[in-house]
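*Asks:* Quick one, fold the following:
(3 chains)
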Amino acid sequence: MLKYILRRLLIMLPIILGIIFIVFSILEFTPGDPVSMILGQDATPELIELKREELGLNEPFLKRYVTYVLNVLQGDFGNMYASGNSVGEAIARRLPVTLELSILSILLAVIVGIPLGVLSAVKQYSVIDIFSILFAMILSAMPGFWLGLMLILVFSTKLGWFPSFGVGDGLRSFVLPCITLSASYTAVIVRMTRSCMLEVISQDYVRTARAKGATEGRIIGKHALRNAMMPVLTTVGMYFGALMGGAVIAETVFSLPGLGTLLVSGITAKDTPTVLGCVTVIATSISLINLAVDVAYAYIDPRIKAQYASMGLVKVKAREQR
Amino acid sequence: MRRKGGSAGNENQFVDIWRRFKRNKAAVVGLVVFMFIVLMALSADLFFNYEEDVIKQNAMERFQGPSAEHLLGTDQYGRDMLARIVYGARMSLLISLSVTVLGTIPGLVIGFVAGYFGGKLDSVLMRICDMFMAIPALLMAITIVAALGPSVTNLIIALSISGVPSTARFTRSMVLRLRGEEFIESARAVGTGDLRIMYKHIFPNIVSLTIVNATLSLGSMILASAGLSFIGLGVQPPTPEWGTMLSNARNYFTDHPALLLLPGAAILITVLSVNLFGDGLRDALDPKMK
Amino acid sequence: MSERLLEIRDLEVQYLTMGSTVRAVNGLSLVLNKGETLGVVGETGAGKTTLALSIMQLLPKKIGRIAGGSIVFAGQSILDASAREMRSVRGDEIAMIFQDPMTSLNPVMTIGDQVAEMLELHSEGRDKKEISDKVDALLEMVGIPAERKEEYPHQFSGGMRQRVVIAIALACNPTLLIADEPTTALDVTIQAQVLEMMEDLKTRLNTSMLLITHDLGVVAAMCDSVAVMYAGRIIEYGSVDQIFESPLHPYTIGLFNAIPSLEGKTHRLIPIEGLMPNPAELPQGCSFHPRCTKCMEVCRHQSPPDFDEGGHTVACHLFGADKEGA
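*Replies:* Numbers count the residues shown, from 1 in each chain, chains lettered A, B, ... in the order given. Predicted coordinates:
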């Protein structure tokens, strides 16, 4: 098992280097010069040249890429062009906000989505089933930022229950952003859980459990749910990336000091170190989450555990086939 | 794979799909609503004057409620809300349809080549896809738009690029599955060439699924383009676009909720109808899917 | 006369699908005595599994429905039993072995836990230790080393899994064991082993058995009496000797002609022409008449009644009073 995790971490490394390379190239080969943005339009060519030299922008592209990667490996994300502040520190300060936001949102989505999906499947075609299908359909068709603004309108402006911006109010500050961020995620989990449960319920081993004289509760809880959780878990992991993308928008709506707002401000200022730092950290955390999901698999499904133990790479290969 | 006249078989297939589709009432409603939105967007010029109703500011008529002259009232610059929403539909549909087409075609080609030829080429292409996919599509699009500068064209480019890797992976997995099927083996056994196998046997089998997938992604593209416009990286004011309209309403919506409700409802209804239609289409094709 | 354990009278089972009613079982009657093994033979689609699921009250909810008749088990009507009563009957008194061992075990539970669950559900054993000992004994009984109880289904072959399924079924010493094609999914060599084991356990535990199969060889080896099923009805019933020595119904005769024989001279196999009728559109009269080589005018209009001759029953117009009456 440990060997498998180490192996996966080793595969992750080149992928993250590749991501840095992609973002590096996008920022390099698109029009717009960061230096003239920093210095404003009145800067003289000499001044610009001096600044370029200072920031190391005159080095060849590949050399700068390698230097950057080596620095990142030592934990140095460089300094912001405009202010000269350390990017690493800014990320460290803002990462907890984004993490709290996304973890709470996942929890909310799971806590609401899985029971609703299970109920929906167990009572197929009932009122509850129709309700949760409609609920999921509307949530997934709703733009997150719009939901956020509506929540602000109702719960901050009109009722005054929750703050509409910032993180000054502890957990209460996170209530509306989490609902906003988890909405489409919840929809996905409800649908996935429902369809997986419906499939599992018709399996032979569930009939075996019935033939044993097990109660409905035991059949659902002990036999069906655990088998249905496999694909649901995959979905939770797969959509984590989308969640991080949504976090950018949720943070913008609620003006949360997280990675998302840092990234957007870095992008608008063409501040390469900030953008690179944020994207690297986000991509790494997505890869780590996916690894965690794969490890969690092994604890749910003994077949996969056996696979990991025998030949660590098989699972990775199997995923490629899909 | 018993086909006599080719086209006759296809026609039958479409009749079949349509028959199954018709049974799904929600999907039919989705299709009807979506067609209505498309028609409305296409015929916008018949009802409104773009310069007069949509762009020109009119300080005397700010924040009006619904009236005979302005069916849905006016916005913070005294512009007709209904006209802006209708032209907003035109913008949203233009962006999302082009993104869906532009993102699907390269993805289809890459996935096809990777899946069919396999080997080194496949590994390299898929590694690159992995890298792109480790960056969330929305972040990818944000980065690209920011680098190119915000505009409608750049928004379309960015969203298209961010959609390519997942289409490529999906196509590849379908091709891989088909390649193992017996009818491909038997086609190869009688000496059919690569191109012919691809064109005659594999392509027709994945084209329907690709259309379904594209339909299903249309909705998320409408959402994504609105989201990017909302954070200022898409359509720029005064051009009407739903996300931009919502973004501009941020300072006024507490006093004038209509500015928030109307464009949002427009997005919700459009995406909902596309999704219902897409789900129905997928279910109608289901017998082939599993 | 021996004691009756299971008695089914005029059972009608229907499936409601997409606007059409499928009549899977049509007026089926049969009797199973204590300690006896009854073979139910028929082609795929004859309604054999539906019969088994009806006895267990496990017909697919919403779709499947018992439309008429009665099932009496050990003197009590199963159709009148409450859900709770049925749960205590299932597993404890009537146990079932399913067709496909590859799918009938839960892939994420150890086989030991799956055997233990049966014991726990019917409170066979006071504590963990006692249950665990019983699980060991049960596994050993079906020829699986007790050490393997911590393993998962995917670590076992098909034959071994079916042994686990059998261990589960026999865990609570049921009075009736329903085996639905228990060996169809297995290799021929494994089939023999599993059958032999079932025969042995059945005699040891004195369990009655309803053995559903389409394999006449299995019937000859295992059963005391045979019921031949066609389109949801028993068309011929008798002891193994009666059926194998002197089959009466043209369908039964057809079945015997369609299997190769090792003894005697090889003669041509004679398949039964045509297919089992679609249970949604059963033909009028005798449901076998479109395929019957001896079809008469009466067969097209009138469903044949059962004709009994010394315990050998047959539902065919060729026999009994009808012959003269027609």
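*Asks:* How many neighbouring residues does the residue nearest to residue A:157 when sequence neighbours are not counted have?
*Replies:* Leaving out its chain neighbours, the residue that sits closest to residue A:157 by C-beta to C-beta, 6 or more residues apart in numbering or on different chains is residue B:254, at 4.7 Å. Where you see a C-beta, it was placed from the backbone N, CA and C, and this is true even at glycine. Burial of residue B:254 is recorded as 17 neighbouring residues (other C-beta atoms under 10 Å in any protein chain shown).
*Asks:* again, but for residue B:185
*Replies:* What residue B:185 shows, counting by other C-beta under 10 Å, is a neighbour count of 10.
*Asks:* In three-state terms, label it for me.
*Replies:* helix (DSSP: H, G, I helix; E, B strand; the rest coil).
*Asks:* next one: residue C:313
*Replies:* Relying on three-state DSSP, one would call residue C:313 strand.
*Asks:* Next, the contact list for it, please.
*Replies:* C:234, C:236-238, C:306-307 (C-beta atoms under 8 Å, 6 or more residues apart in numbering or on different chains).
*Asks:* The residue nearest to residue A:157 against residue A:153, yeah?
*Replies:* Yes. Using C-beta atoms under 8 Å, residue B:254 is in contact with residue A:153, at 6.4 Å.
*Asks:* thinking again about what came up before, element containing the residue nearest to residue A:157, please.
*Replies:* For residue B:254, there is no helix or strand it lies in under DSSP states H and E.
*Asks:* And it, how far from residue A:172?
*Replies:* 20 Å (C-beta to C-beta, to the nearest Å).
*Asks:* what does residue A:202 give?
*Replies:* 44 Å.
*Asks:* before we move on, what about residue C:55?
*Replies:* 59 Å.
*Asks:* which residues does the closest residue in space to residue A:212 that isn't next to it in sequence contact?
*Replies:* Nearest non-adjacent residue to residue A:212, counting by C-beta to C-beta, 6+ apart: residue C:91, 4.3 Å away. Taking C-beta under 8 Å, 6+ apart as the contact definition, residue C:91 lies against A:211-213, C:118, C:121-122, C:171-172, C:174.
*Asks:* The residue most central in space within chain B: which element?
*Replies:* The centroid of chain B falls nearest to residue B:218 when counting by C-alpha atoms, centre = their mean (2.0 Å). Here residue B:218 sits within helix B:203-230, counting by DSSP H and E.
*Asks:* following that helix, which helix or strand shows up next?
*Replies:* helix B:242-249.
*Asks:* and that following helix, anywhere near chain A?
*Replies:* Yes. Part of helix B:242-249 sits close enough to chain A to count as contact by C-beta under 8 Å from any C-beta of the partner chain, namely B:243, B:246.
*Asks:* Give me the pLDDT for the residue nearest to residue A:212.
*Replies:* Note on residue C:91: pLDDT of 87.
*Asks:* Ramachandran coordinates for it?
*Replies:* phi 90, psi -50 (degrees, to the nearest 10).
*Asks:* so what does the helix ranked longest in chain A touch, helix or strand wise?
*Replies:* As assigned by DSSP state H, the longest helix anywhere in chain A is helix A:87-122. Contacts defined by 3 or more C-beta pairs under 8 Å, 6 or more residues apart in numbering or on different chains; DSSP states H and E place helix A:87-122 against helix A:127-141, helix A:171-201, helix A:225-238, helix A:240-254, helix A:259-268, helix A:272-300.
*Asks:* in chain B, what residue is nearest chain A?
*Replies:* Closest to chain A within chain B is residue B:138: 3.0 Å, counting by C-beta to the nearest C-beta.
*Asks:* Now do the contacts for residue 106.
*Replies:* I'll assume chain A. Counting by C-beta under 8 Å, 6+ apart, residue A:106 has contacts A:182, A:185, A:236, A:240, A:243.
*Asks:* actually it's chain C I care about, not the one you picked
*Replies:* By C-beta under 8 Å, 6+ apart, the residues touching residue C:106 are A:205, A:208-209, A:223, A:227, C:114, C:153.
*Asks:* How is it assigned, secondary-structure-wise?
*Replies:* coil.
*Asks:* buried ones in stretch A:2-21?
*Replies:* Residues of stretch A:2-21 classed as buried under the neighbour-count rule (16 or more other C-beta atoms under 10 Å in any protein chain shown) are A:4, A:8, A:12, A:15-20.
*Asks:* Leaving aside the residues adjacent along the chain, what's closest to the residue of the stretch 201-322 of chain A found nearest chain B?
*Replies:* Per C-beta to the nearest C-beta, residue A:245 is where the stretch 201-322 of chain A lies closest to chain B, at 3.0 Å. Nearest non-adjacent residue to residue A:245, counting by C-beta to C-beta, 6+ apart: residue B:138, 3.0 Å away.
*Asks:* Which pLDDT does the model give that neighbour?
*Replies:* 83.
*Asks:* Relative to the whole chain's centre, how far out is the helix or strand containing it?
*Replies:* Element membership for residue B:138 (DSSP H and E) is helix B:137-148. Centroid separation between helix B:137-148 and its chain, computed with C-alpha atoms, centre = their mean, to the nearest Å, is 18 Å.
*Asks:* Likewise for stretch A:183-200?
*Replies:* That offset, for stretch A:183-200, works out to 18 Å (C-alpha atoms, centre = their mean).
*Asks:* again, but for stretch B:92-110
*Replies:* Chain-centre distance of stretch B:92-110: 7 Å, with C-alpha atoms, centre = their mean.
*Asks:* okay, that stretch in PDB with CA atoms only?
*Replies:* Presented in PDB, the C-alpha positions along stretch B:92-110 are these (Å, rounded to 0.1, in the frame of the first residue of the first chain):
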ATOM      1  CA  SER B  92     -24.600  33.400 -24.700                       C
ATOM      2  CA  LEU B  93     -25.700  31.100 -27.500                       C
ATOM      3  CA  LEU B  94     -23.000  32.400 -29.900                       C
ATOM      4  CA  ILE B  95     -20.300  31.800 -27.300                       C
ATOM      5  CA  SER B  96     -21.500  28.400 -26.000                       C
ATOM      6  CA  LEU B  97     -22.200  27.000 -29.400                       C
ATOM      7  CA  SER B  98     -18.900  28.000 -30.900                       C
ATOM      8  CA  VAL B  99     -17.100  26.800 -27.800                       C
ATOM      9  CA  THR B 100     -18.800  23.400 -28.000                       C
ATOM     10  CA  VAL B 101     -18.000  23.000 -31.700                       C
ATOM     11  CA  LEU B 102     -14.400  24.300 -31.500                       C
ATOM     12  CA  GLY B 103     -13.700  22.400 -28.400                       C
ATOM     13  CA  THR B 104     -15.100  19.100 -29.600                       C
ATOM     14  CA  ILE B 105     -13.500  18.800 -33.000                       C
ATOM     15  CA  PRO B 106      -9.800  18.900 -31.900                       C
ATOM     16  CA  GLY B 107     -10.600  16.700 -29.000                       C
ATOM     17  CA  LEU B 108     -12.300  14.200 -31.300                       C
ATOM     18  CA  VAL B 109      -9.300  14.200 -33.600                       C
ATOM     19  CA  ILE B 110      -6.700  13.800 -30.800                       C
END
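*Asks:* Which residues belonging to that stretch are considered buried?
*Replies:* B:92-100, B:102-104, B:106-108, B:110.
*Asks:* do you know how far the residue lying closest to residue A:82 once chain neighbours are set aside is from chain C?
*Replies:* Of all residues not flanking residue A:82 in the chain, residue A:38 sits nearest, at 5.4 Å (C-beta to C-beta, 6+ apart). Remark: distance between residue A:38 and chain C (C-beta to the nearest C-beta, to the nearest Å) = 58 Å.
*Asks:* Contacts only, for residue A:38.
*Replies:* Listed by C-beta under 8 Å, 6+ apart, the contact set of residue A:38 reads A:51, A:81-82.
*Asks:* now the strands for chain C?
*Replies:* Remark: strands assigned in chain C by DSSP state E are C:4-17, C:20-33, C:37-41, C:64-73, C:76-77, C:94-97, C:176-180, C:208-213, C:225-230, C:233-239, C:307-309, C:312-314.
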